[in-house]
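> Sequence first, then the predicted structure:
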Amino acid sequence: ADSTVRLWDAIIGSPLQTLSGHTAWVSSVAWSPDGTQIASAGHDNTVRLWDAASGEMLAVLEGHSAAVNRVVWSPDGTRLVSASADETAIIWDGVTGTPITVLAGHINAVTSVAWSPDGTQIATAGRDRAVYVWDAASGERLFAANGHADDVNDVAWAPDGSRLLTAADDATARLWDASPGDALHTLAHGDWANGAVWSADGSRVLTWSRDGTARIWDAATGAPLLTLTGHSGWVSGAAWSPDETRVLTWSWDNTARIWDAATGAPLSTLVHQGRVNGARWNASGTRVLTWASDSQTRVWDAASGVQLLAVTDLVTDITSAAWSPDETRLITAARRSARVWNISGAVPEEVLLLSGHTGTVEFAAWAADGARLITAARDGTVRLWDAATGGEIMVLSAHGGAVTGVFPSPDGVALLTTGDDGMAKVW
């Protein structure tokens, strides 16, 4: 691994700059809110700031004594906070890169960090089972939210900043008052809480678990409103519909399911013949896309649960799928290739085969303009394709290992990728 961050032309993929400086694995990257800077965190114990246009390294933020796990910008872009295996978080000046204050108190690695919506407070969570909230101006610890009995994996603020939501390996999600930090409610599952998310208005919480259920909770009282029971395997994901009247879940039991978010009634069971790897709503909430290990990607009518179409790849495990912006085409990924399908007619038609990767394609998506396609694979490459012809526009082969993440810039014109080779790159 060469432990660099690289900057690439977003249209043709030619390298603009190599952002060299990290001497070990790059573990986290984040765009500034205005898209002009990039912060990167690494296992070399540093955070680095880069000019996103020129590739110039603006500052090296030194202060941690162990790997930096995560870096996050404040909502206004003036500060950053980093979370480290050295049991601390540090607030940094986003312009000069100088440390403002050290948030010390955890007794094991800090795994998650989040700014409050107004930027006045910071929440941290760690492997010591603790959640802390800090004053972002003074660095004073305001409260400790103790109660989890295993590693805390994530922390999220309510949309209005009044409460915190945490999820942990102790089979619970928990709600906390963000001031003065009282434990409000324990949202109990029968096994690991795999994830949790707020509703847009902060009135409800959706959780999902390895116990085979998803649950909806009253965020004010912590009362269980609904238990969505029906899966016979671990629930690996869940999502509110765009209008939040329904919930979509997907599971290792070979199904995705749609539920009434008001009554908990099962509305539809979307059946595959293999583990469902992912699912998503379309923008209007009228259709659902699922992809699975049975070689099929399927589109369903969200109201009736009727399968509208299915496309079948030649291999068994579909790893990624996405609609085109106008929803007339699909891209699916499996093993070392991706395929584009025209789904506007009565019968789906394969129109493009995108081949060239030498490792499993883990990510496939359309560019926002619908004119290009993006794939990322375990061969360490990101490839750009012409969506009309399938022609390969550029092979961005700078990662020396698997591509582990793909993140769009705030304006949607660039991509930030991370790899297990110790690099992050902008394309």
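Alright, I've got the coordinates.
> What does the pLDDT read for Ser40?
Among the per-residue scores, Ser40 holds a pLDDT of 77.
> Would you mind stating the distance between the residue nearest to Trp366 when sequence neighbours are not counted and Leu352?
Computed as CB to CB, 6 or more residues apart in numbering, the closest residue to Trp366 that is not its neighbour in sequence is Ser324, at 5.2 Å. C-beta coordinates here come from the backbone N, C-alpha and C atoms, glycine included. Separation of Ser324 from Leu352 (CB to CB, to the nearest Å): 12 Å.
> list the residues that contact both of those two?
Shared contacts of Ser324 and Leu352, defined by CB atoms under 8 Å, 6 or more residues apart in numbering, are found at Ala387.
> how about the residue nearest to Trp366, what does it touch?
Ser324 sits next to 330-331, 366, 370, 387 when contact means CB under 8 Å, 6+ apart.
> do the same with Ala178
Listed by CB under 8 Å, 6+ apart, the contact set of Ala178 reads 116, 121, 123, 133, 157-158, 161-164.
> Generate a ChimeraX selection restricted to the buried subset of those residues.
For the buried members of the contacts of Ala178, the matching ChimeraX selection, counting by 16 or more other CB atoms under 10 Å, is:
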select :116,121,123,133,157,158,161,163,164
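> Just put the contacts of Ala178 in TSV and tack on distance to Ala377, secondary structure and pLDDT.
Below are these laid out as TSV (distance: CB to CB, whole Å; DSSP: H, G, I helix; E, B strand; the rest coil; pLDDT from 0 to 100):
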residue	distance to Ala377	secondary structure	pLDDT
Ser116	37	coil	94
Gln121	40	strand	94
Ala123	35	strand	93
Val133	40	strand	92
Trp157	35	strand	90
Ala158	37	coil	94
Gly161	39	coil	94
Ser162	42	coil	92
Arg163	40	strand	94
Leu164	37	strand	93
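> which of the contacts of Ala178 lies closest to Ala261?
Taking CB to CB as the measure, Ala261 sits nearest to Ala158 out of these, at 18.1 Å.
> Return the residues in contact with the closest one.
Contacts of Ala158 (CB under 8 Å, 6+ apart): 164-165, 178, 198, 202, 219.
> same thing with Leu165?
Counting by CB under 8 Å, 6+ apart, Leu165 makes contact with 155-158, 173-176, 196, 198, 205.
> and it, backbone torsions?
Here the main-chain torsion angles of Leu165 (degrees, to the nearest 10) amount to phi -120, psi 130.
> ok, now how distant is it from Ala30?
Going from Leu165 to Ala30 by CB to CB gives 21 Å.
> what's the answer for Gln121, then?
19 Å.
> Could you do Ser82 as well?
For Ser82, the distance to Ala30 - CB to CB - is 10 Å.
> Neighbour count: the two, which is higher?
Taking neighbours as other CB atoms under 10 Å, Ser82 and Ala30 compare with Ser82 leading, 27 against 20.
> so where's this structure uncertain?
Within the chain, the stretches with pLDDT under 70 are 1-27, 52-55, 315, 368, 380-382, 394-427.
> Show me the helices in it, by range?
Counting by DSSP state H, the chain has no helices at all.
> Name the residue most distant from the centre of it?
Note on the chain: the largest C-alpha distance from the chain mean falls to Ala346, namely 34.1 Å (CA atoms, centre = their mean).
> Contacts only, for His272.
Applying CB under 8 Å, 6+ apart, the residues contacting His272 are 254-256, 290, 292-294, 296, 298.
> Just among the residues you listed, which is most surrounded?
In terms of neighbours by other CB under 10 Å, those top out with Ala256 at 29 neighbours.
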